[in-house]
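[1] Provided below for reference: sequence and predicted model.
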Number of protein chains: 4
Amino acid sequence: MSNTIGRLYKVTSFGESHGRCVGVVVDGCPAGHRLDSEHLQAELDRRRPGQSNVSTSRREEDRVEVLSGVFNGVTTGAPICMLVWNRDMDSTRYEEHRWTPRPGHANYTAEKRYGGHQDYRGGGRFSGRVTAGYVMAGALAKQVLAVTHGIEILGYTSQIGSHKAPDMSFDQVMSKTEMNPVRCPDPDTAREMEKEILKARDEGDSLGGTVKCMALNAPPGVGQPVFDTIEGDLAKALFSIPAVKAVEFGAGKALASMKGSESNDPYTVVGDRVETASNDMGGVLGGVSTGAAIEFTVTFKPTPSISKPQRTVDLKTLEETTIAVEGRHDPCIVPRAVPVVESVAAIVLLDHMMQRGHVGQVLGELGELHG
Amino acid sequence: MSNTIGRLYKVTSFGESHGRCVGVVVDGCPAGHRLDSEHLQAELDRRRPGQSNVSTSRREEDRVEVLSGVFNGVTTGAPICMLVWNRDMDSTRYEEHRWTPRPGHANYTAEKRYGGHQDYRGGGRFSGRVTAGYVMAGALAKQVLAVTHGIEILGYTSQIGSHKAPDMSFDQVMSKTEMNPVRCPDPDTAREMEKEILKARDEGDSLGGTVKCMALNAPPGVGQPVFDTIEGDLAKALFSIPAVKAVEFGAGKALASMKGSESNDPYTVVGDRVETASNDMGGVLGGVSTGAAIEFTVTFKPTPSISKPQRTVDLKTLEETTIAVEGRHDPCIVPRAVPVVESVAAIVLLDHMMQRGHVGQVLGELGELHG
Amino acid sequence: MSNTIGRLYKVTSFGESHGRCVGVVVDGCPAGHRLDSEHLQAELDRRRPGQSNVSTSRREEDRVEVLSGVFNGVTTGAPICMLVWNRDMDSTRYEEHRWTPRPGHANYTAEKRYGGHQDYRGGGRFSGRVTAGYVMAGALAKQVLAVTHGIEILGYTSQIGSHKAPDMSFDQVMSKTEMNPVRCPDPDTAREMEKEILKARDEGDSLGGTVKCMALNAPPGVGQPVFDTIEGDLAKALFSIPAVKAVEFGAGKALASMKGSESNDPYTVVGDRVETASNDMGGVLGGVSTGAAIEFTVTFKPTPSISKPQRTVDLKTLEETTIAVEGRHDPCIVPRAVPVVESVAAIVLLDHMMQRGHVGQVLGELGELHG
Amino acid sequence: MSNTIGRLYKVTSFGESHGRCVGVVVDGCPAGHRLDSEHLQAELDRRRPGQSNVSTSRREEDRVEVLSGVFNGVTTGAPICMLVWNRDMDSTRYEEHRWTPRPGHANYTAEKRYGGHQDYRGGGRFSGRVTAGYVMAGALAKQVLAVTHGIEILGYTSQIGSHKAPDMSFDQVMSKTEMNPVRCPDPDTAREMEKEILKARDEGDSLGGTVKCMALNAPPGVGQPVFDTIEGDLAKALFSIPAVKAVEFGAGKALASMKGSESNDPYTVVGDRVETASNDMGGVLGGVSTGAAIEFTVTFKPTPSISKPQRTVDLKTLEETTIAVEGRHDPCIVPRAVPVVESVAAIVLLDHMMQRGHVGQVLGELGELHG
């Protein structure tokens, strides 16, 4: 499928960093959903660069255009093509580095993969800019999930470099994440993170980090074992975000050094519902949702493009050389990645809700299942 | 697709823990491959329980039967159905715990997912036993990868509880992993791991751990961006193994606290080939292989079934109660999971090699690409 | 996908004519359906050879075995593996004709497709025997369609050689089709058809014909435009039946010489429902069901294996020669193909009903949509 | 998949008749193909309305725009988004007929399918205008097939109303089809067809017909049994063209009244190649190509929109009424459908050539298989 993901809510991505546009075709969105264009644009704005001093100064206006699938403001059931046009591109530097691949960057593998025919300007198809399309498709998915089931998906920056956020409640995340440029709901940690990013930027270096994401109100019983599990499908989608190198659910890697008596989430009764008293499993057992929040953590590697000199090879002469990448790059991509992680999660979760029959192909007045 | 994975090398899984059999249908295996039945059986034997004192005492003879797709010992291009019959099952205890779900186990979510119709005996469809099918399909994939490209896939136990193996070379892993019951190539660590497992067993508890896996000799340029990346497809497949909760590539989670100048793998020239001087990226950039070893680490949670009493709920009365799971369970599943992780990796990697055109649909005398 | 068909009700076929078995894995059958094994076996018996003097004398007992996915007689939601073991095979003659392909038969293309590795005995993977698997999956689909929506699928022999059946009502088809060996509900035509088949058999020749099939009670609005139309998916599935060479909906080919004023089915009101006054469109407009009976006609070519001498080529010497195919072959496959056509239609229709949300993933007491 | 077709050469369609545009995303086109934009536009021009007095007077300029996937005039391996903007639309009449469905047209089923949310202007998503997208994707596929294998795909009008073209050679079709407005290579028949169309138009009526199509130079051994056959995949794709109601291969429906001794194509030797002496099988046996021309015939129903009054129902009042469809409609769609049929065939055939490994993912200088 390569550039398409999903089974019932299917997203096909297209576009390159320095081509004419970046977009998606969403196939399978239920008919009858009143598109909230302002929310869609607001989500794109969260991803946009140039929001603060911790991100690249490339200016992308990124006004979403909806080319199909919406009539009188309502989805029709036909495929929805959405895109943003590319502007403010500076392709001059890329010719210069054409044959000296940047360490940690996909331009070497793109060369191998596409036999030299790839669009190498600005990372081309491998650029983080393609995630603008994920956000459009994800914003739409968020709307449908909210309308039909009150499902909310929220992410935040949980680590940058050496600074880790303490555990945060859902309410804290909701109210405080957007109050600082690094998108960490803990103000003290946020300040430290910001400082560390600026320091790295000044050193011509970059930082990695993690995004923690949670989806509330997903009913129990969602997920398709054995291969199309909630975890597997989320992980696959998350690894399509450039720079992601690890995906963990619940306590994640820490489970390796725990005992069963510690990690098993005990069942308890709250009101008339069965719940788990803890959530080290991240809301998923056997690939299927438990009804607790679906929680996962995504690790981003440091931005590979740095201005510090690095060892590389001239592919034409096969001689070793160095490269120093000038240009407008994020010293840490994590803050801008938060809405992308949420979007990818929304796409996967809506797809699974539809597979489970919880969301119909035509939405009624209240968004309920309807044929 | 639920129970099918892969695009060109497609594996469909079927069977339950206490049903008649567990098996797979492999669709898309190239024609002309001489099936090595002994290797296939040997791989199954590595997964089999009852191999040592660190695993369950359930005896599964697990002789593979090939029902279709092989003629005169050679694959025909037709779908290959393989299975093992179930024997030595003890279903008596499951009726007793029918309505008191085991914490950390999928029986609660299975109930929610299948409305009470699921086969609940021995975990049914959610049992680790289904991975016997993965191993059959994976052993076949390993054979084709080895014949066509000399690709080798090796895993080992890199952590159990508090004990972590030091970094190991590929040769060490190859020669030493199978020399102890925990499948850790470092003998000292292996002894400690074994002790910790036995201690947990005696306490009626269980342990988690990690498996590290590497694939050698994959050419550069394999992988399908943006959604069908090497990392995404491996991760998705790995999460189909029961108890997996995290997947990391290369330095994985540690990248969150590294700088770009540290994590970027510099390019260098070895002989007449471009290589990376380090491999913190795990052999994948932009979802596409670099030519370095593809390396990843999988975290397994502790086995949920433990004999220590745990809090749970009686689903019929909605009253809280406790459960103590008797029966034959692995106190730590990690050693037996090693061949399963390798198998899943082989399935995904062969699929990607076929998508890339490196493996044909009909193998010639030397396994080369041939129409 | 090759050997898998369907999106939510997915059928994976395996097995060869002279291998160990022929079977299917059905993935996605709703949980909670009480399997009617007698109906399943009865459907297989309709396809079985040796039922009368108009079919091959090969005896296939064909007792279906269910290997997975059913627990206490009820589907669990897990994949259902079903198969029949092969018996009474006579593979002796096939070695003899290994290098002289039979005209009209797939053994030449199989040779080209699989580079000589195919199982050539009895047509191997290309044999009509693989349709036993379709019938198992189709019988199950018929049961679910009947329970959930009262949908009935019926086919009959509408032409053999020069003899065409007059138009028949659904009731006539239901009551009379199984009363003669050619499965034509018109007794007079049936007698003529039978005579013509026996004559062809005696001449060492074979006959083609058509099967007409209708599905009653499908609601309007089923079908997924633009590519996954009811017509397209039915046609694709029907062409997987060996010997099918044409598929028509409604008036089919006759529409080429009609005018719009003749072929457009006018809308009318019957009770409180909108219906079409005629059904030249075969119950489908724009790839979506109208609510009228879905009707289509399938053309089968004459059985290629005939005992009359035919021109062929020795593939080893590239010299022209003749071949006379002895063995037990149907002089006309059409009567036995009727349940196969119905089965394929049931598979496709159930899949579309599930995509449309009309059939849930878990069936309640009355088969209604339920999560 | 709904709006996506293909496995390796994947086409996703979007757009509506009276929306902003109609387009496609092509995913999987090999990298390294120099796009022939003039050919692409010329193919679109063949489909365009307003070419002659036998088609609708709606003017669609239809200049193709390539939004992604092409760099320096060469395909990059990234998804190729292509579209035409809609102009010269007249949506005024559609509001008027909103609740009185046109007999033979999809607006009734669209209403049922999408719960009233569909874009009903000009047929919306069900309009023949969406086939402009098929032609873009098909023109590109034709180019790749021609460059890599010299495969040519040609169609012509073989019947309109009562007039059938005699059998035509490939050379005749190539040289004469485009010489008259009905695209029938036999001039005498063409004149009669044109007359009949004009007569139907004057009567406020419409005509059906057939398109015969042939693909030359496909190698033997292409096709994926048992479900993804050449015939099945072609048929499925062809039924996505509005108004198609029947698909036949080779002698097609006539095979029903033939004997095996007549219909089996004998093998013979031509030069050093095995060929069939006739081609009643349409170049496909067992779903796999024989090496002969792949030949099929597609039946189109008469255009449903006619100005003659027809019976219909007012969906709001459930009262019977009549409708007379004014507006610019083709009295016979067949001539304009010829390039659409060819395009769909090219898409399917390239997809199968890629699955078979005959076309690589990266094209070298001569278009050969290359990694």
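    Received the coordinates, thanks. Numbers count the residues shown, from 1 in each chain, chains lettered A, B, ... in the order given.

[2] show me where pLDDT drops low in the stretch 101-250 of chain A?
    Across the stretch 101-250 of chain A, no stretch falls below the confidence threshold (pLDDT under 70).

[3] strands along the stretch 251-371 of chain A, start to end?
    Counting by DSSP state E, counting those that start in this stretch, the stretch 251-371 of chain A forms strands over residues A:267-270, A:273-276, A:284-285, A:288-289, A:294-300, A:310-314, A:319-323, given from the N-terminal end onward.

[4] how near is A:Val348 to A:His149?
    Applying Cβ to Cβ, to the nearest Å, the value for A:Val348 to A:His149 is 15 Å. Using the backbone N, CA and C atoms, a C-beta is placed for each residue, glycine as well.

[5] ok, now A:Leu216?
    10 Å.

[6] swap in A:Glu203?
    With distances defined as Cβ to Cβ, the gap from A:Glu203 to A:His149 amounts to 46 Å.

[7] A:Glu248 too?
    Taking Cβ to Cβ as the measure, A:Glu248 and A:His149 are separated by 25 Å.

[8] retrieve the pLDDT associated with whatever residue of the stretch 251-371 of chain A ends up closest to chain D.
    With Cβ to the nearest Cβ, the shortest gap between the stretch 251-371 of chain A and chain D falls at A:Val362, namely 3.8 Å. Predicted confidence (pLDDT) at A:Val362: the value is 92.

[9] give me the number of neighbouring residues for it.
    Applying other Cβ atoms under 10 Å in any protein chain shown, we find 22 residues neighbouring A:Val362.

[10] returning to that earlier point: quick one: which of A:Glu248 and A:His149 has more around it?
    When A:Glu248 and A:His149 are compared for neighbours, A:Glu248 comes out ahead with 26 against 18, by other Cβ under 10 Å.

[11] contacting residues around A:Gly204?
    By Cβ atoms under 8 Å, 6 or more residues apart in numbering or on different chains, the residues touching A:Gly204 are A:Ile306, A:Ser307, A:Lys308, A:Ala324.

[12] pLDDT on stretch A:319-335, on average?
    In this model, stretch A:319-335 has an average pLDDT of 89.

[13] whoops, I mixed them up, stretch A:291-306
    On average, the pLDDT along stretch A:291-306 is 97.

[14] before we move on, back to that, who wins on neighbours among the contacts of A:Gly204?
    Neighbour counts for these (other Cβ under 10 Å) peak at A:Ile306, which has 26 neighbours.

[15] how many residues are close by the closest residue to it other than its chain neighbours?
    Beyond its immediate neighbours in the sequence, the residue positioned closest to A:Ile306 (Cβ to Cβ, 6 or more residues apart in numbering or on different chains) is B:Gly260, lying 4.4 Å away. By the criterion of other Cβ under 10 Å, B:Gly260 has 29 neighbours.

[16] what's downstream of the host helix or strand of A:Ala215, the next helix or strand?
    Counting by DSSP states H and E, the secondary-structure element that holds A:Ala215 is strand A:209-216. Using DSSP H and E, the helix or strand that directly follows strand A:209-216 along the chain is helix A:230-238.

[17] which elements pack onto that following helix?
    strand A:244-249, strand A:294-300, helix A:334-355, helix B:230-238, strand B:244-249 (3 or more Cβ pairs under 8 Å, 6 or more residues apart in numbering or on different chains; DSSP states H and E).

[18] now, of the strands of the stretch 251-371 of chain A, which is deepest in the fold?
    Across the strands of the stretch 251-371 of chain A, averaging neighbours per residue (mean count of other Cβ atoms under 10 Å in any protein chain shown) puts strand A:284-285 on top, at a mean of 30.

[19] can you give me the strands for the stretch 101-250 of chain A?
    Read by DSSP E, counting those that start in this stretch, the stretch 101-250 of chain A holds these strands, from start to end of the chain: A:152-160, A:163-164, A:209-216, A:244-249.

[20] so which of these is nearest D:Val22?
    Each of the strands of the stretch 101-250 of chain A was checked against D:Val22 via Cβ to Cβ, and the shortest separation belongs to strand A:152-160, namely 33.2 Å.

[21] what's the separation between whichever residue of the stretch 201-350 of chain A sits closest to chain D and chain B?
    Among the residues of the stretch 201-350 of chain A, A:Ser240 lies closest to chain D, at 13.5 Å counting by Cβ to the nearest Cβ. Between A:Ser240 and chain B the computed distance is 5 Å (Cβ to the nearest Cβ, to the nearest Å).

[22] just A:Arg7 next, same as before
    Here the criterion is Cβ to the nearest Cβ. By it, A:Arg7 lies 7 Å from chain B.

[23] look at that residue and report its pLDDT.
    Looking at A:Arg7, its pLDDT reads 96.

[24] skipping its backbone neighbours, what lies nearest the closest residue to chain C within the stretch 151-300 of chain A in space?
    Ranked by Cβ to the nearest Cβ, the top residue of the stretch 151-300 of chain A for proximity to chain C is A:Gly221, at 7.0 Å. On the basis of Cβ to Cβ, 6+ apart, the spatially nearest residue to A:Gly221 that is not a chain neighbour turns out to be B:Lys112, at 3.4 Å.

[25] is it correct that that neighbour is in contact with A:Val288?
    Yes - using Cβ atoms under 8 Å, B:Lys112 is in contact with A:Val288, at 7.0 Å.

[26] common neighbours of the two, please.
    Overlap between the contact sets of B:Lys112 and A:Val288, as judged by Cβ under 8 Å, 6+ apart, is given by A:Pro220, A:Gly221.

[27] make JSON lines out of the strands of the stretch 251-371 of chain A and add distance to C:Leu207.
    Output for the strands of the stretch 251-371 of chain A, formatted as JSON lines (distance: least, Cβ to Cβ, whole Å):
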{"stretch": "strand A:267-270", "distance to C:Leu207": "66"}
{"stretch": "strand A:273-276", "distance to C:Leu207": "64"}
{"stretch": "strand A:284-285", "distance to C:Leu207": "58"}
{"stretch": "strand A:288-289", "distance to C:Leu207": "53"}
{"stretch": "strand A:294-300", "distance to C:Leu207": "60"}
{"stretch": "strand A:310-314", "distance to C:Leu207": "70"}
{"stretch": "strand A:319-323", "distance to C:Leu207": "74"}
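
[28] C:Ile241 versus the residue of chain A most remote from its centre, what's the distance?
    With distances taken from the mean C-alpha point of chain A and given as Cα atoms, centre = their mean, the most distant residue is A:Thr317, at 38.1 Å. Per Cβ to Cβ, A:Thr317 is found 60 Å from C:Ile241.

[29] next one: A:Arg201
    Going from A:Arg201 to C:Ile241 by Cβ to Cβ gives 65 Å.

[30] burial count for A:Pro266?
    Look at A:Pro266: counted by other Cβ under 10 Å, it has 18 neighbours.

[31] ok, for it, nearest residue in space, not its chain neighbours?
    With Cβ to Cβ, 6+ apart as the criterion, A:Pro266 has its nearest non-adjacent residue at 3.7 Å, and that residue is B:Arg311.

[32] so that neighbour makes contact with A:Asn264?
    No - shown here, B:Arg311 and A:Asn264 do not form a contact pair, counting by Cβ under 8 Å, at 9.2 Å.

[33] what's the overlap in contacts for these two?
    Jointly contacting B:Arg311 and A:Asn264 under the rule Cβ under 8 Å, 6+ apart are B:Pro103.

[34] distance check, A:His18 against A:Tyr94.
    A:His18 sits at a distance of 8 Å from A:Tyr94 (criterion: Cβ to Cβ).

[35] swap in A:Val334?
    Distance of A:Val334 to A:Tyr94, given as Cβ to Cβ: 25 Å.

[36] please apply the same query to A:Pro225.
    Counting by Cβ to Cβ - A:Pro225 and A:Tyr94 are separated by 45 Å.

[37] next one: A:Glu231
    For A:Glu231, the distance to A:Tyr94 - Cβ to Cβ - is 37 Å.

[38] the two: which has the busier surroundings?
    Taking neighbours as other Cβ under 10 Å, A:Glu231 and A:Tyr94 compare with A:Glu231 leading, 31 against 18.

[39] let me see the contact set for the more buried one.
    A:Glu231 sits next to A:Phe249, A:Gly282, A:Val284, A:Gly287, A:Phe296, B:Phe239, B:Val244, B:Lys245 when contact means Cβ under 8 Å, 6+ apart.
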